[in-house]
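>>> Sequence and predicted structure below; questions after.
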Amino acid sequence: MEFKRIMGLILLIALVVFLVGTVFYENSKIQTSSNKITVAVTIPSEEEFVKAVGGDKVNVLVMVPSNADPHTYEPSSSQLQQAEQAQMYAEVGSGLEFEIGWMDKIRGLNSNMEVVNCSQGIDLMQSTDPDEGNQDPHIWNSPRNAKIMVQNIYEGLVKIDPANKDYYTKNRDAYLQKLDDLDKNMTETFANATNRNIMVYHPSWGYLCRDYGLNQISIENEGKEATPATISRLVDLADQENVKVIFVSPQFSNESAQTIANQIGGQVVSIDPMAENYIENMYKITQVISKAQKTP
């Protein structure tokens, strides 16, 4: 009986050792496969910035999906749990409602996380929408601002991973050259615009308009659909300024935009202010806006 008891104890110890070893092995595999730096970002456009600089040394967590409104979106519990594990958060930093409402909580969940303010060094403009506060938060929608955002992200990565500074520097320089090429293309394209007014549903394009000499006319006011009186005024303005295209975004309703387009004999065209393929998307937007400006 005593022998059986001893053998049972030995087997139990062996089983425990086996299970502990298996868990340790599996955890070591997870750590080996996940030794990349996890960087959380607020919007999809920032994902390209981080990946361009970080390359194969980063994983990116996007908090606001591409089809969601960053002014009203609330993260899921699983997103917050993932953000809790991030080594760095690249916040837009310009007063975006998502960040105003959630960054304190995210910081509280992860006090060791490096938080990079991507708006640092950008000349913030006054918002045309009083509901968004004093500053226009849509800084990323101009490549001139994007270059500053990329530099801020680069500095954050170097701070938490100085051993790979040369790698990040090389990647940053290559991406900044692409942004320079985009900026040059946009400058040349919009220099020949015959109509510098663009009518949009949501005022996401203030920095693009400022940097390239355009004028943004917004339908939405204080986050609300336009009233009949506002629609009537905008119809008159569109006729006066020869505007025939109303720009909308996937994240917002286009009902009032379609109403105005119907009344002016124009059309509604969708352009995405939050696409993750940033450079490709901005080239596309440049061509779409340029074509609209030349519409008779």
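The structure has been received and is ready for your questions.

>>> was I right about residue 255 contacting residue 224?
No - under the criterion of C-beta atoms under 8 Å, residue 255 is not in contact with residue 224, lying 11.9 Å apart. Just so you know, the C-beta spots here come from the backbone N, C-alpha and C atoms, and that holds for glycine as well.

>>> Residue ranges of each domain in the protein, please.
Residue ranges for the domains of the chain, per automatic domain parsing: 37-186, 193-293.

>>> And the strands in the stretch 1-150 of the chain?
37-41, 58-62, 88-91, 114-117 (DSSP state E, counting those that start in this stretch).

>>> Could I get those in a markdown table, plus columns for distance to residue 204 and mean neighbour count?
Converted to a markdown table, the strands of the stretch 1-150 of the chain look like this (distance: least, C-beta to C-beta, whole Å; neighbours: other C-beta atoms under 10 Å):
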| stretch | distance to residue 204 | mean neighbour count |
| --- | --- | --- |
| strand 37-41 | 17 | 24 |
| strand 58-62 | 18 | 19 |
| strand 88-91 | 18 | 25 |
| strand 114-117 | 20 | 18 |
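
>>> Rebuild those as JSON lines, extending it with mean pLDDT and distance to residue 77.
Shown next, in JSON lines, are those (pLDDT from 0 to 100; distance: least, C-beta to C-beta, whole Å):
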{"stretch": "strand 37-41", "mean pLDDT": "98", "distance to residue 77": "15"}
{"stretch": "strand 58-62", "mean pLDDT": "98", "distance to residue 77": "14"}
{"stretch": "strand 88-91", "mean pLDDT": "98", "distance to residue 77": "17"}
{"stretch": "strand 114-117", "mean pLDDT": "98", "distance to residue 77": "21"}
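
>>> nearest residue to residue 215 other than its sequence neighbours?
residue 197 (4.9 Å; C-beta to C-beta, 6 or more residues apart in numbering).

>>> which ones are touching that neighbour?
214-215, 217, 241, 243 (C-beta atoms under 8 Å, 6 or more residues apart in numbering).

>>> And the pLDDT at it?
Listed pLDDT for residue 197 reads 94.

>>> what do you get for residue 255?
86.

>>> again, but for residue 220
pLDDT, residue 220: 86.

>>> now swap in residue 135 and tell me
Value for residue 135, per-residue pLDDT: 88.

>>> And for residue 16?
The predicted local confidence for residue 16 is 43.

>>> Could you list the low-pLDDT ranges of the stretch 101-250 of the chain?
128-133, 222-223 (pLDDT under 70).

>>> hang on, the earlier thing: output the contacts of residue 197 as JSON lines; include the columns secondary structure and neighbour count.
What follows is the contacts of residue 197, written out as JSON lines (DSSP: H, G, I helix; E, B strand; the rest coil; neighbours: other C-beta atoms under 10 Å):
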{"residue": "214", "secondary structure": "coil", "neighbour count": "18"}
{"residue": "215", "secondary structure": "strand", "neighbour count": "12"}
{"residue": "217", "secondary structure": "strand", "neighbour count": "18"}
{"residue": "241", "secondary structure": "helix", "neighbour count": "15"}
{"residue": "243", "secondary structure": "coil", "neighbour count": "23"}
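
>>> Kindly provide the distance from the most centrally placed residue in the chain to residue 232.
Nearest to the geometric centre of the chain sits residue 43, at 2.5 Å (C-alpha atoms, centre = their mean). According to C-beta to C-beta, to the nearest Å, residue 43 and residue 232 sit 34 Å apart.

>>> Okay, helices next: where are they in the stretch 151-296 of the chain?
Counting by DSSP state H, counting those that start in this stretch, the stretch 151-296 of the chain has helices at residues 165-191, 206-212, 228-241, 255-264, 278-293.

>>> I'd like these laid out as CSV, including distance to residue 145.
Formatted as CSV, the helices of the stretch 151-296 of the chain follow (distance: least, C-beta to C-beta, whole Å):
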stretch, distance to residue 145
helix 165-191, 10
helix 206-212, 6
helix 228-241, 26
helix 255-264, 26
helix 278-293, 11
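
>>> Tell me which of these sits nearest to residue 75.
Among those, helix 278-293 comes nearest to residue 75, with 21.8 Å by C-beta to C-beta.
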